[in-house]
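Chemist: next comes the sequence, and after it the predicted model I'd like to discuss.
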Amino acid sequence: MARPSMSHVVVALALVCIAVAAATPEKPGAARVPRPPNIIFFLSDDQDVELGSMQVMNVTRGHFERNGATFNRHFVTTPICCPSRTSLLSGRYAHSLKDQTVGWCGNFHDEYANSNATFAAWLHEHGYRTGMFGKYTNAYDRFCGANVGDVPANWDTFFGLCTDNKYFGNEFNDNGKRLVLGDRPEDYMTSVIGNRSVSWIESVLRTSDDDQEAAPFFAYIATHAPHVPATPAPWYQHALSDTLKAPRTPNWNKTGSHKHWLVETRPPLDAEMVEFSDALFLRRWRSLLSVDDIMREVLDVLRAHGQLDNTYIMYSSDHGYNLGTFRMPSGKFHHYENDIRVPFYMSGPGIQPGSTVDAMTANIDISLTIAELAGVHVPQHQRGDGRSLGPVIPWMHPLARGAGAAEGGADEWRTELLIEYWGNSYLRRGPCKNGTTPCPGHDALEDVPSNTFSGLRVHDAGRDELYVEFRNRPQPALAANTNFTEFYDLSSDPFQLHNAVHDLSGAERRGWSERLWAVANCAGTACP
């Protein structure tokens, strides 16, 4: 299928620029020059959508529900930290980054991070001032410790996290210099990231208040919250009711039937594990209150400088999370909705306020979306495996909608997405150190090498399905290496309790497998 045209995005932005120019006072004797849009991308860490975590973020959710678009079916293609983050930054599936052969972050840092193949590079070359604040990737050895002077290319300001699994005593790469913080309230990691990002945005806007030709900015704000241990800020330690618990969904503390052995053999969570999982749920919500504070301050500073209506803001997570789902007390790593489905919101010039999007979108689409909103032409060989969200963004102006529909827009959008994962190790987690380490005799097995899979998540008129084939980690992604298969019809089984692969006919099963392996190692426009 041909990729949708971006002509309607250009039309929409042109119309917005005309409106902004008309509303902007002229300097005496100067021609009016529309200022290109600013762009801010928020990325949280391990934030679910299926368990309702956005409900605690009143500022963030309220802003987008009133002023922007809510994307109801946004997915990550690999449900674990670094592969998901590098896919977002590069627009490439993890298999295209050679995650399965190179390792945790694939070849992203070797072949993309410091080249002209990420949105940071494209924006920087296009004159944007770029700032990165928080968790970049998990390849800390590339820009921390002995390599703290190696600031990733194309960031004018880089404030990168160098430590994880803790919210105090953190270390940062502060524009090439090592910064070590302590355990004072003002050292709370989420607030430190927020303060630095808001301060930078304000300084950029202050220098350009009277200059309509000033360069626009791009800010990448990536908090570690609500990742374990999900320590709340001292001032939120007792926020929310202590009675809040992880939702008791139909798949909570259940295994379902005919699943991969890792899930099928899970014993019921005992009282200790339930208490741990529920306590983590509450800490996660409390930790997200500080992320919501960052959004409030960002919105305030944009309003103060008259730039809120000229700024695209996006919010998402690197993957989802489970708490008690299928008897897993915590974690990600799986093909189920809890782990692959994430929040995604967008607001900005020309976007219909209070709108929703039901099209299937993904983290691999973010890179081209950011580039095209900024007016950057990306050469075909650098466009990666995703696509711009332009055709499915609910633009206000009907002319923009018409251009997209006429030239192959939303009507030709994807109906399937590749989901892939490589079993990390025999990974166990429990209540020790707030869920950050194994607890011999008091933990749960959450990941294994044979939890390696390729699958298709499908959403189309009348279809809401997931098909997955498993293999052992050392083996390449080939049909011949499949040793277990799962299939779910989410229209009748939304909590994925019953593996219905044996309900498929032989022809149906062959059809699914053939389609999966036709795209499992795809590249570029051949990808779903």
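Modeler: Perfect, I can see it now.

Chemist: wait, Lys332 touches Leu323, no?
Modeler: No. Counting by CB atoms under 8 Å, Lys332 sits too far from Leu323 to count as a contact (10.8 Å). In this view, the C-beta of every residue, glycine as well, is placed from N, C-alpha and C.

Chemist: now Leu445: which helix or strand?
Modeler: Using DSSP states H and E, Leu445 sits in strand 444-447.

Chemist: helix or strand right after the worst-scoring helix or strand of the chain on mean pLDDT?
Modeler: Taking mean pLDDT, DSSP states H and E as the measure, the chain has helix 398-406 as its least confident helix or strand, at a mean of 37. Next helix or strand after helix 398-406 toward the C-terminus (DSSP H and E): strand 416-421.

Chemist: can you list the low-confidence ranges for the protein?
Modeler: Along the chain, segments meeting pLDDT under 70 span 1-34, 100-103, 212, 398-411.

Chemist: now for the helix ranked longest in the chain, which elements pack on it?
Modeler: Using DSSP state H, we find that the single longest helix of the chain is helix 271-304. Packed against helix 271-304 by the contact rule (3 or more CB pairs under 8 Å, 6 or more residues apart in numbering; DSSP states H and E) you find strand 38-44, helix 58-67, helix 189-208, strand 311-317.

Chemist: quick check: closest non-adjacent residue to Arg92.
Modeler: Counting by CB to CB, 6 or more residues apart in numbering, Gly384 is the residue found nearest to Arg92 once chain neighbours are left out, at 4.5 Å.

Chemist: so what's the one you found up against?
Modeler: By CB atoms under 8 Å, 6 or more residues apart in numbering, the contact set of Gly384 is 90-92, 96, 117, 364, 367-368, 524.

Chemist: quick one, which of the residues you listed are buried?
Modeler: Those of the contacts of Gly384 that meet the buried threshold are 90-92, 96, 117, 364, 367-368, by 16 or more other CB atoms under 10 Å.

Chemist: among those residues, which pair sits farthest apart?
Modeler: Spatially, the most separated pair among those is Ser96 and Leu368, at 14.2 Å (CB to CB).

Chemist: tell me where the stretch 101-250 of the chain has helices.
Modeler: Ranges of helices within the stretch 101-250 of the chain are 108-111, 119-125, 189-208, based on DSSP state H, counting those that start in this stretch.

Chemist: which of the residues in the shortest one are buried?
Modeler: Spelled out, it's helix 108-111. Applying 16+ other CB under 10 Å to helix 108-111 flags 108-109 as buried.

Chemist: try stretch 225-244
Modeler: Result for stretch 225-244 [16+ other CB under 10 Å]: buried residues 225-233, 236.

Chemist: same deal with stretch 469-487?
Modeler: By neighbour count on 16+ other CB under 10 Å, the buried set for stretch 469-487 is 469-471, 477, 482, 484-487.

Chemist: one more: stretch 110-130?
Modeler: For stretch 110-130, by 16+ other CB under 10 Å, it's 112-114, 117-124, 126, 128-130.

Chemist: may I have the distance across that stretch, first residue to last?
Modeler: One end of stretch 110-130 to the other measures 21 Å (CA to CA, to the nearest Å).

Chemist: and that stretch, how far out from the chain middle?
Modeler: 19 Å (CA atoms, centre = their mean, to the nearest Å).

Chemist: contacts for it?
Modeler: Under the contact criterion CB under 8 Å, 6+ apart, stretch 110-130 has outside partners 36, 39, 86, 89-92, 97, 102, 132, 137, 142, 152-157, 204, 215-220, 366-368, 370-371, 374-376, 378, 382, 384.

Chemist: how does it look with 6 Å?
Modeler: The contact list for stretch 110-130 (CB atoms under 6 Å, 6 or more residues apart in numbering) reads 89-90, 152-156, 204, 215-218, 367, 370-371, 374, 376, 382.

Chemist: which among those count as buried?
Modeler: Buried members of the contacts of stretch 110-130, scored by 16+ other CB under 10 Å, are 89-90, 152, 154-156, 204, 215-218, 367, 370-371, 374, 376, 382.

Chemist: so which of those are in strands?
Modeler: Among the buried ones among the contacts of stretch 110-130, the members found in strands (DSSP state E) are 217-218.

Chemist: and stretch 300-319, which residues are buried?
Modeler: 301-302, 305, 307-319.

Chemist: quick check: end-to-end length of that stretch?
Modeler: 28 Å.

Chemist: okay, now the closest residue to Val392 other than its chain neighbours: neighbour count?
Modeler: Leaving aside its chain neighbours, Val392 sits nearest to Ala359 (4.2 Å; criterion: CB to CB, 6+ apart). Neighbour count for Ala359, taken as other CB atoms under 10 Å: 17.

Chemist: repeat that for the one 4 residues further on.
Modeler: As a burial measure, Asn363 scores 29 neighbours (other CB under 10 Å).

Chemist: what's the answer for Gln352, then?
Modeler: 17.

Chemist: wait, it sits on Val392?
Modeler: No. The criterion here is CB atoms under 6 Å, and Gln352 misses it with Val392 at 11.9 Å.

Chemist: what's the burial count for Glu508?
Modeler: 13.

Chemist: what do you get for Ser87?
Modeler: 31.

Chemist: Three-state assignment for it, please.
Modeler: At Ser87 the chain is in helix, as set by DSSP: H, G, I helix; E, B strand; the rest coil.

Chemist: from His459, how far off is it?
Modeler: 19 Å (CB to CB, to the nearest Å).

Chemist: try Asp156
Modeler: 39 Å.

Chemist: next one: the closest residue to Asn107 other than its chain neighbours relative to Pro83, how far apart?
Modeler: Leaving aside its sequence neighbours, Asn107 sits nearest to Lys98 (CB to CB, 6+ apart; 4.9 Å). When distance is defined by CB to CB, Lys98 is 11 Å away from Pro83.

Chemist: what's the closest of the helices of the stretch 101-250 of the chain to Trp422?
Modeler: Short answer: helix 108-111, nearest of the helices of the stretch 101-250 of the chain by CB to CB, at 15.0 Å.

Chemist: show me what contacts Asp45?
Modeler: 224, 227, 318.

Chemist: repeat for Val228
Modeler: By CB under 6 Å, 6+ apart, the contact list for Val228 reads 435-436.
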